[in-house]
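J.: compute the structure for the input listed below.
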Amino acid sequence: MTTSVCQGEPIRSVVGVVVTYNPDENLLREQTRQLKSQVHAIVWVDNASAHSLDRLAAELGVQLLQFEQNQGVARAQNAGVEAARRWGADAVLLMDHDSVPAADMVVRLCQVMGPLPTVAAVGPHYRDPRGESASATPFVQIEGLSMKRLQRHASEDSVEVDHLIASGCLIRMQAWDQVGPMNEVLFVDFVDVEWCLRARAQGWSVRGVWTAAMSHTIGHELVTRFGRRFNVHSPARMYFHVRNGLVLYRQPWIPLNWRLVSAYRLLLKVGFYLVGGPQRRAYAVSMGRGLKDGWRLRLNGASR
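T.: From the prediction side, this is the model:
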């Protein structure tokens with residue numbers, strides 16, 4: 001545990017909040033080992049994993065909050081942030097259980113956030129360890145009616161983005177208090193996107209940090225289709241993806257061009273699963289339910 005994460009910067013205390021659900025214990029150990037020297041405390045919020053994490057949490061010296069039922073990513077993150085508040089955190093680092101930060105990731109994030117008081121959140125460049133390429137996933141920004149994959153300029157450490165993935169995202173507690181918590185009715189997909197867009201709508205900025213690195217697994221599995229490899233989600237996850245997309249597109253504070261581009265990309269994704277998905281019938285049923293519930297705004301937090 002460090003005594004000062006960012007020497008000389010306004011961000012003095014960072015608490016890591018890790019949301020777990022049936023985690024790989026070896027990967028969780030590696031993540032914890034990497035985080036221990038970078039944050040002041042670590043809180044695990046477990047969404048009713050099949051096996052208790054009590055023993056592992058005690059062994060690794062982390063605080064454990066356990067839900068008896070899967071409450072969704074958003075509620076787990078909100079609970080973790082409130083625990084971080086009790087630790088006196090100036091900022092909270094959200095992590096998924098399958099992400100492993102570089103040894104200097106938090107310092108790099110703090111160095112960008114610290115001097116910029118209008119920055120609500122910063123996030124690292126990440127790479128899926130299952131991929132064939134060693135290159136990191138690019139930061140993106142919607143410009144006009146297209147999604148631009150951003151390229152780093154030699155002199156910049158960070159870049160303004162529309163949103164970040166939750167894992168690896170460092171959020172300023174002052175911004176959290178103003179913007180509000182994660183939207184729990186979304187349960188899982190688009191939770192991080194919605195929060196970042198909401199923060200931007202309130203005048204905050206969100207930045208991707210080129211110099212901060214992390215390993216992070218995207219999707220349920222990798223499949224090869226049409227001569228390319230794709231990260232695919234489970235049918236249950238695609239229910240939330242479709243449902244929550246329809247919910248977000250009706251929010252008046254979200255930019256129109258973002259809604260149009262995201263909706264187009266969602267249509268392409270739905271088409272891919274229906275044509276090239278590994279379980280086309282299961283995907284069709286799940287996404288059909290998501291379409292119906294999203295259209296009717298039936299947001300009970302779980303797929304039926």
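J.: helices or strands up against the helix or strand hosting Gln111?
T.: Element membership for Gln111, per DSSP states H and E: helix 105-113. Packing partners of helix 105-113 (3 or more C-beta pairs under 8 Å, 6 or more residues apart in numbering; DSSP states H and E): strand 91-96, strand 119-127, strand 169-172, strand 205-216. The C-beta positions use only the backbone N, C-alpha and C, and glycine is treated the same way.
J.: with Ser286 as the reference, name the closest of the ones you listed.
T.: Nearest to Ser286 among these is strand 91-96; the distance by C-beta to C-beta comes to 21.7 Å.
J.: mind listing what the closest one pairs with, with the direction of each?
T.: strand 14-20 (parallel), strand 169-172 (antiparallel) (DSSP bridges).
J.: now the angle from the longest one to helix 105-113?
T.: In this case it means strand 14-20. 120 degrees (axes from the mean of the first three to the mean of the last three C-alpha atoms, to 10 degrees).
J.: for this structure, what helix or strand is lowest in average pLDDT?
T.: The least trusted helix or strand in the chain, going by mean pLDDT, DSSP states H and E, turns out to be strand 221-225, with a mean of 58.
J.: give me the domain ranges for this protein.
T.: 14-216, 221-296 (automatic domain parsing).
J.: deepest-packed of those domains, please.
T.: Most buried of the domains of the chain, by mean neighbour count (mean count of other C-beta atoms under 10 Å): domain 14-216, with a mean of 19.
J.: let me see the ranges of the strands in this structure.
T.: Using DSSP state E, the strands of the chain run over 14-20, 41-47, 63-67, 91-96, 99-101, 119-127, 140-143, 146-149, 158-160, 169-172, 205-216, 221-225, 228-232.
J.: average pLDDT across the third one?
T.: Read that as strand 63-67. On average, the pLDDT along strand 63-67 is 97.
J.: that older thread, export the strands of the chain to CSV and tack on distance to Ala79?
T.: Listed next are those as CSV, based on distance: least, C-beta to C-beta, whole Å:
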stretch, distance to Ala79
strand 14-20, 9
strand 41-47, 5
strand 63-67, 6
strand 91-96, 12
strand 99-101, 19
strand 119-127, 19
strand 140-143, 29
strand 146-149, 33
strand 158-160, 29
strand 169-172, 15
strand 205-216, 22
strand 221-225, 29
strand 228-232, 28
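J.: mean pLDDT for the ones you listed: which is lowest?
T.: strand 221-225 (a mean of 58).
J.: before we move on, the earlier item: I'd like to know which of the domains of the chain has the weakest mean confidence.
T.: domain 221-296 (a mean of 87).
J.: starting at the chain centroid, how far to that one?
T.: How far domain 221-296 lies from its chain's middle: 17 Å, per C-alpha atoms, centre = their mean, to the nearest Å.
J.: one more: stretch 62-78?
T.: With C-alpha atoms, centre = their mean, you get 15 Å for stretch 62-78.
J.: cool, and stretch 24-41?
T.: In terms of C-alpha atoms, centre = their mean, the centre of stretch 24-41 is found 17 Å from the chain centre.
J.: residues making contact with it?
T.: Stretch 24-41 is contacted from outside by 1-2, 5, 13-16, 18, 20, 42, 56, 60-63, 84, 87, 89, 93, 95, 97-107, using C-beta atoms under 8 Å, 6 or more residues apart in numbering.
J.: could you redo the last one with a cut-off of 7 Å?
T.: Stretch 24-41 has contacts (C-beta atoms under 7 Å, 6 or more residues apart in numbering) with 1-2, 5, 13-16, 42, 56, 60, 62-63, 87, 93, 95, 97-101, 103, 105-107.
J.: next: stretch 280-298.
T.: Here stretch 280-298 makes contact (C-beta under 7 Å, 6+ apart) with 235-236, 238-247, 270, 273-274, 277, 303-304.
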